[in-house]
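> The following block contains a protein sequence and its predicted model.
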Amino acid sequence: MTPPTPAAALAWAQALGLARLDAQVLLLHALGRSPSDRAWLLAHDRDPLPAACLAHFAALCRRRAAGEPVAYLTGVKEFYGLPLAIDARVLDPRPDTEVLVDWALEVLAGRAAPRVLDLGTGSGAIALALQHQRPDAQVLAVDASADALAVAQANARRLALPVQFMQSHWLEGVRGSFDLIVANPPYIAADDPHLPALRHEPLGALVSGAQGLDDLRRIVADAPRHLAPSGWLLLEHGWNQAAAVRQLLHAQGLAQVQSRRDLGGHERCSGAQQPA
């Protein structure tokens with residue numbers, strides 16, 4: 001029998017229901033190659049695959065078909081150009097969250113040595129991206145989960161980025177004021193029909209009350225006391241929550257209330273500025 005090839009393995013994975021990109025990343029992982037080395041697969045699509053590699057790939061594909069994120073299967077996810085170690089203790093960072101980082105960098109432009117607070121840091125994705133882009137920033141990242149902080153701290157050490165970390169439930173233990181407070185909190189409603197598809201990710205980092213707004217309300221209520229004059233609060237939220245979040249921001253007397261759209265055109269982030 002002819003040994004299976006990368007082309008045959010990818011065709012099998014797609015027949016199983018995997019997206020082609022997911023299948024390519026998993027095959028490269030099984031081969032011990034970089035996830036960015038997709039050109040290698042094209043150049044070697046007729047090469048025979050070792051039996052051990054094929055078995056590993058098949059097992060990964062079955063787990064992916066059952067809904068497990070690719071980042072958990074490979075242990076790594078690129079976010080804002082940084083390779084982050086990821087596992088089931090933290091959310092799989094989404095590309096749409098890079099929109100929040102873009103906005104954060106905009107509001108930090110022109111501020112020397114800005115003080116930045118990342119609430120609910122998870123893997124550290126946002127905090128580390130901001131620290132990497134703004135080496136002069138003083139970045140503090142907090143999370144209520146000790147497990148999440150362990151993942152984030154390991155990423156910071158590996159990337160040699162001097163983010164400071166603290167265990168806290170939102171702003172409870174935080175002291176001082178910041179030029180920017182940024183957060184990607186849980187924002188999914190408890191009865192959201194899409195939750196079963198996210199069953200592999202930590203529920204506490206996803207769900208926030210009946211409407212998905214509990215944590216957003218808490219952050220918006222507490223953050224103004226920790227914003228420096230002209231400081232910004234930027235929040236990621238659900239695709240249909242922008243109007244509700246803008247209302248919360250207005251109610252706190254913040255200025256420049258606005259929203260930004262994600263890669264799919266939905267209003268995914270909202271923010272506002274502390275009056276000077």
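Yep, it's here.
> where does this structure dip in pLDDT?
1-3 (pLDDT under 70).
> Which residue ranges of it form helices?
Using DSSP state H, the helices found in the chain span residues 6-15, 20-30, 38-43, 51-65, 70-74, 97-108, 125-133, 146-159, 214-222, 242-251.
> Show me what the second one is in contact with.
So the one you mean is helix 20-30. 6, 9-10, 13-14, 18, 34-35, 37-38, 40-41, 53-54, 56-57, 60-61, 64, 70, 73-74 (Cβ atoms under 8 Å, 6 or more residues apart in numbering). In short, each C-beta sits where N, CA and C put it, glycine included.
> Are any of these buried, and if so which?
6, 9-10, 13, 18, 35, 38, 40-41, 53-54, 56-57, 60-61, 64, 70, 73-74 (16 or more other Cβ atoms under 10 Å).
> related to what we said a few turns ago, nearest to V116, of the helices of the chain?
Taking Cβ to Cβ, helix 125-133 is the member of the helices of the chain nearest to V116, at 5.8 Å.
> Which elements pack onto that closest one?
strand 76-79, strand 82-85, helix 97-108, strand 115-119, strand 138-143, helix 146-159 (3 or more Cβ pairs under 8 Å, 6 or more residues apart in numbering; DSSP states H and E).
> Now tabulate the helices of the chain in a markdown table and tack on distance to E267.
Converted to a markdown table, the helices of the chain look like this (distance: least, Cβ to Cβ, whole Å):
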| stretch | distance to E267 |
| --- | --- |
| helix 6-15 | 33 |
| helix 20-30 | 26 |
| helix 38-43 | 33 |
| helix 51-65 | 30 |
| helix 70-74 | 26 |
| helix 97-108 | 10 |
| helix 125-133 | 19 |
| helix 146-159 | 27 |
| helix 214-222 | 14 |
| helix 242-251 | 4 |
